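1. Following is a predicted model, sequence given first.
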Amino acid sequence: MKKLFLYILPFLLLNSLAWAKTENTYYSDYLGQCSQSDIKHYSLKNESLQGKEYNEVDIFESTQLDVDCLAEKFVHHHLENKSRPGGFVKRELLKGPELQRKYFDAIIQKKETVNLANNAVVFERIEITSLFSEVCVEGCYLSREAILINKGRYWYVRGSNDYGLEAEFVNQDTILIKNSNSTHVRNYVFNVNTKDFTWMQNGKIEFKKDHYIVRQQKSYFSGGGAYWFDSKRSYEDGRIIDFIDPPDDGTFPQVHCKSWKVNAELFKDDTEDFRQALIRKKIFCVGAM
């Protein structure tokens with residue numbers, strides 16, 4: 001794992017790209033009008049291939065969120081901007097209160113109460129339509145973001161992704177954030193007490209008692225071309241304990257998995273231990289052939 005630099009940004013002191021200033025100001029404004037206390041804003045920064053800094057994840061924290069109030073704010077925003085929450089609202093067919101109700105119903109996608117580890121942590125999780133981010137697959141619609149509520153405190157989480165974001169508590173101090181992209185899932189954890197972000201491996205993460213498993217982690221051969229692998233990792237430092245083969249249950253539809261012999265030179269940019277462990281695997285998953 002590696003720590004990324006954390007910016008703690010109050011509402012009136014945003015220090016980011018122009019687009020982030022504009023978008024995050026809307027979020028801070030709407031959340032502030034529907035919360036009991038001031039909004040605190042935490043951002044995880046990253047750098048694009050072109051060398052430009054952007055916000056990988058934004059978290060807004062406060063207390064006593066009025067969810068209906070926030071939904072109304074989002075409805076008003078979408079009506080003014082003629083956007084498409086949920087991807088199904090047909091403005092030309094609806095008017096007045098009927099149109100407003102359709103938008104309101106589209107804002108809150110899902111609400112559930114989650115009991116974690118025999119009620120050690122009980123939190124409310126809300127899937128909410130983004131103000132700005134879109135998913136475009138045979139048409140475009142606004143993607144999903146997340147609100148977590150625990151003992152009156154809440155965390156609104158949004159991110160930079162292709163297919164929306166999910167968030168959940170994994171213990172009383174830690175939120176796991178999952179940014180869904182076209183070929184992989186990016187994972188991060190956020191400590192609600194220290195306000196630290198930690199970047200975890202991409203892929204699907206399964207938490208176990210004394211280790212965690214990363215499935216479908218994406219990497220690249222030194223000569224080009226992507227491959228995916230599953231591994232067991234240490235909580236202490238994120239190191240690979242062992243490589244494991246992917247389940248043969250159709251959960252890897254976007255790639256081609258088969259038994260094949262791997263040349264160690266393909267992995268010359270990685271450590272010797274990594275190369276030797278990886279080439280002992282029985283199954284590899286590579287780009288569709």
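-> Happy to help now that I have it. Numbers count the residues shown, from 1 in each chain.

2. now the strands for the stretch 51-200 of the chain?
-> Ranges of strands in the stretch 51-200 of the chain, per DSSP state E, counting those that start in this stretch, are 53-63, 108-116, 121-136, 140-150, 153-159, 165-171, 174-180, 185-191, 197-199.

3. Could you identify which of these is most buried?
-> Among those, strand 153-159 has the highest mean neighbour count (mean count of other C-beta atoms under 10 Å), at a mean of 23. (C-beta placed from N, C-alpha, C; glycine too.)

4. Roughly how far does the nearest residue to residue 211 once chain neighbours are set aside sit from residue 184?
-> When the adjacent residues along the chain are set aside, residue 211 lies closest to residue 232, with 5.4 Å between them (C-beta to C-beta, 6 or more residues apart in numbering). Applying C-beta to C-beta, to the nearest Å, the value for residue 232 to residue 184 is 19 Å.

5. okay, the two: which has more neighbours?
-> Of the pair residue 232 and residue 184, residue 184 is the one with more neighbours under other C-beta atoms under 10 Å, namely 20 against 15.

6. thinking that one is in contact with residue 203, fair?
-> Yes: using C-beta atoms under 8 Å, residue 184 is in contact with residue 203, at 6.5 Å.

7. which residues are in contact with both of the two?
-> Taking C-beta atoms under 8 Å, 6 or more residues apart in numbering as the contact rule, residue 184 and residue 203 both touch 216, 217, 218, 228.

8. Can you give the strand pairings for whichever strand or helix holds the third one, parallel or anti for each?
-> In other words, residue 218. For residue 218, the host element (DSSP states H and E) is strand 212-220. The partner list of strand 212-220 in its sheet, established with DSSP bridges, is strand 204-207 (antiparallel), strand 226-233 (antiparallel).

9. can you put the ones you listed in JSON lines and add distance to residue 76 and mean pLDDT?
-> Output for the strands paired with strand 212-220, formatted as JSON lines (distance: least, C-beta to C-beta, whole Å; pLDDT from 0 to 100):
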{"stretch": "strand 204-207", "distance to residue 76": "37", "mean pLDDT": "86"}
{"stretch": "strand 226-233", "distance to residue 76": "43", "mean pLDDT": "82"}
